[in-house]
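Colleague: I'd like to go over a predicted model; first the sequence, then the structure.
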Amino acid sequence: MTYILNRLRAAGLALGLFAAIFSAPAWAQQQQPSSPLIPTEAGWELTVAPYVYHFSNDPQHKYAWLIGLERHRADNWLWGAAYFSNSFGQESGTAYVGYIWNNLLNQPALYVKLVAGVMYGYVAPYEDKVPFNHNGWSPIVVPTAGWRLTPSDAVQVSLLGTAGLMFSYSRRF
C-alpha cells in the first residue's frame, strides 16, 4: 500500500508541476525582451551533471552523473537525450521534449525549463524506485531552473521527482 501511495504522490507532484508551468503564470512572460543572454536562434546544448543531491540517505545510493545533448529551436521548444548512471549505479538513458521560459522575474539570465519523456534504466532490484516503471521503462517529467552565465554557458538545478536535485552545467553551440 505504501508503494502505491508513493507512486500516486510522485505522479501528483509531476502533474501539478506540469500544470503550473504550462498554465502560463504571470512570472513567465510570453513577450520576452531582447537581451544578449537570451538565445534567439536554434542551436545545440551539451549538458553535464556531475552531482545529484538525494533527499534521503539510502545506503544503496551510488554516485550519479549525466551527460546529455539537446536541440533548441528558436521558438523555445527543445528535444534531447541523455545517458546517465542512476542513483543505484545502473546505466540509464532518457529521451524527451520540452520548453524553456526565459526572462523570469524580469531577469534575462533566469529561466525555467520543463521536459517530459521516457527513461530506461531502473531495473531489478530497483524497479520500484521510480513511478510507473514497466520492465525498466518509465515516464519522466523534469522541471529545471537555470541561470545563464554567458549567452553560451549556464548552470541549472533540476528536480528529480521526490528523490533529489541534479546540478548541471550547459554549453550551447
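Modeller: Nice, I can see it.

Colleague: got any ranges where this protein has weak pLDDT?
Modeller: 1-33 (pLDDT under 70).

Colleague: which residue ranges form the strands in the chain?
Modeller: All strands of the chain, identified by DSSP state E, fall at 43-54, 65-72, 77-85, 91-101, 110-120, 137-148, 153-160, 164-172.

Colleague: Ok, which of those comes nearest Pro36?
Modeller: strand 137-148 (9.7 Å; CB to CB). To be clear about C-beta, it is placed using only N, CA and C from the backbone, and glycine gets the same treatment.

Colleague: How about the contacts made by the residue nearest to the spatial centre of the chain?
Modeller: Residue closest to the mean C-alpha point of the chain, counted by CA atoms, centre = their mean, is Val142 at 3.6 Å. Neighbouring residues of Val142 by CB atoms under 8 Å, 6 or more residues apart in numbering: Tyr96, Leu114, Val115, Ala116, Ser158, Leu159, Leu160.

Colleague: who does Val141 bridge with?
Modeller: Legend: beta-bridge partners of Val141 under DSSP bridges are Ala116.

Colleague: Equivalent analysis for Arg171, please.
Modeller: In beta-bridge terms (that is, DSSP bridges), Arg171 pairs with Leu46, Asp153.

Colleague: so how far is Trp101 from it?
Modeller: When distance is defined by CB to CB, to the nearest Å, Arg171 is 21 Å away from Trp101.

Colleague: The two: which has the busier surroundings?
Modeller: Trp101 (20 against 13; other CB atoms under 10 Å).

Colleague: That one against Val112, yeah?
Modeller: Yes - if you go by CB atoms under 8 Å, Trp101 and Val112 touch, sitting 4.9 Å apart.

Colleague: Dump the strands of the chain to JSON lines, plus distance to Leu37.
Modeller: Listed next are these as JSON lines, based on distance: least, CB to CB, whole Å:
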{"stretch": "strand 43-54", "distance to Leu37": "14"}
{"stretch": "strand 65-72", "distance to Leu37": "14"}
{"stretch": "strand 77-85", "distance to Leu37": "17"}
{"stretch": "strand 91-101", "distance to Leu37": "13"}
{"stretch": "strand 110-120", "distance to Leu37": "9"}
{"stretch": "strand 137-148", "distance to Leu37": "5"}
{"stretch": "strand 153-160", "distance to Leu37": "9"}
{"stretch": "strand 164-172", "distance to Leu37": "11"}
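
Colleague: list the contacts for Ile100?
Modeller: Per CB under 8 Å, 6+ apart, neighbours of Ile100: His72, Asn76, Leu78, Tyr111, Val112, Lys113.

Colleague: Of all pairs in these, which one is the farthest apart?
Modeller: His72 and Val112 (14.3 Å).
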